[in-house]
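A.B. asks: Sequence first, predicted model second:
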Amino acid sequence: MSDQHAQKQAAAKAALRYIEDDMILGVGTGSTVNCLIELLPQLRLAGAVASSQVTEDKLRALGIEVVDLNFAGTLDLYIDGADEVNAHLQLIKGGGGALTREKIVAAASKQFICMVDDSKMVDVLGRAFPVPIEVLPQARSYVARQLAQLGGEPVYREDFVTDYGNVILDTYDLDVSDPIALEQQLNNIVGVVCNGIFAANQADILLKAGNDGVKTILH
Ligand code: 5RP
């Protein structure tokens, strides 16, 4: 398995064995999750909770019933991809801009399975990939100044509006050596809706696809 897309497909296939009949499945967002969505029609799901409008549209197009999280109760399982993963299965997410809805569905689920190809593994989060931060539009400049005070370099994601009508500041150079502490600190900035560090609620299982197949790593 050398090609990245084939690795994503392999990770998605490996996730299937965790999905049970008649489940309402939490479904993430991104190209890895798209590989999983393609496989879902062969299962007998009761429905799915989508982590973005894009995912919702894809699920509906395949005839899968999309359930509002408010009517689904606690989900047994949420499956999603990530932009970066460390050895503690803490993540950076939000490359696709769906971080807030993803974090909500992950929080409302008993188990979170993350599927990645090898390229997503890092020693320290945030050195190569910026931390996406969803911000209320009116607070954009204020939040950017607060991020700069923390040593970050926020870059406004041009021509992008989240599902909730907010903007994203992709923030480089933050010190993410203590991901749980930074996740909380960023949440405390007024105007921040959510940030892309998934550390307080990290993945429970990582399906990591590489040239030598898919490895399962438990938290
Ligand atoms: C979207 C995300 C995605 O999970 C993340 O960007 C990974 O995407 P891909 O599977 O396309 O590499 O967080 O907001």
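C.D. replies: Done, it's in.

A.B. asks: How about stretch 12-31 and the ligand, touching?
C.D. replies: Yes. Using CB under 6 Å from any ligand atom, stretch 12-31 reaches the ligand at Gly28, Thr29, Gly30, Ser31. From N, CA and C alone the C-beta is placed, and that goes for glycine too.

A.B. asks: Okay, and which of those map to helices?
C.D. replies: If you go by DSSP state H, the residues of stretch 12-31 next to the ligand have Ser31 in helices.

A.B. asks: Buried ones among the residues of stretch 12-31 next to the ligand?
C.D. replies: Buried positions within the residues of stretch 12-31 next to the ligand, assessed by neighbour count (16 or more other CB atoms under 10 Å), are Gly28, Thr29, Gly30.

A.B. asks: which of the residues you listed lies closest to Leu36?
C.D. replies: Gly28 (8.2 Å; CB to CB).

A.B. asks: for the ligand, what are the nearby residues on the chain?
C.D. replies: 28-32, 80-83, 93-99, 102.

A.B. asks: Tell me the strands beside the longest strand along the chain, with direction?
C.D. replies: Ranked by residue count and defined by DSSP state E, the top strand of the chain is strand 109-117. Partner strands for strand 109-117, per DSSP bridges, with pairing direction: strand 75-80 (parallel), strand 205-210 (parallel).

A.B. asks: same question for the helix or strand that the first one is followed by, mean pLDDT?
C.D. replies: With elements assigned by DSSP states H and E, the helix or strand that comes after strand 75-80 is strand 84-85. Across strand 84-85, pLDDT averages out at 98.

A.B. asks: what sits up against strand 84-85?
C.D. replies: 91-92, 114, 116, 120-122, 125-126, 128-129, 203, 206, 208 (CB atoms under 8 Å, 6 or more residues apart in numbering).

A.B. asks: Repeat the analysis, applying 6 Å as the threshold.
C.D. replies: Strand 84-85 is contacted from outside by Leu91, Ile92, Val116, Lys120, Met121, Val122, Leu125, Phe129, using CB atoms under 6 Å, 6 or more residues apart in numbering.

A.B. asks: could you dump those residues to JSON lines with pLDDT, distance to Asp22 and secondary structure?
C.D. replies: Formatted as JSON lines, the contacts of strand 84-85 follow (pLDDT from 0 to 100; distance: CB to CB, whole Å; DSSP: H, G, I helix; E, B strand; the rest coil):
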{"residue": "Leu91", "pLDDT": "98", "distance to Asp22": "29", "secondary structure": "strand"}
{"residue": "Ile92", "pLDDT": "98", "distance to Asp22": "33", "secondary structure": "strand"}
{"residue": "Val116", "pLDDT": "98", "distance to Asp22": "28", "secondary structure": "strand"}
{"residue": "Lys120", "pLDDT": "97", "distance to Asp22": "31", "secondary structure": "helix"}
{"residue": "Met121", "pLDDT": "98", "distance to Asp22": "34", "secondary structure": "strand"}
{"residue": "Val122", "pLDDT": "98", "distance to Asp22": "37", "secondary structure": "coil"}
{"residue": "Leu125", "pLDDT": "98", "distance to Asp22": "36", "secondary structure": "coil"}
{"residue": "Phe129", "pLDDT": "98", "distance to Asp22": "37", "secondary structure": "coil"}
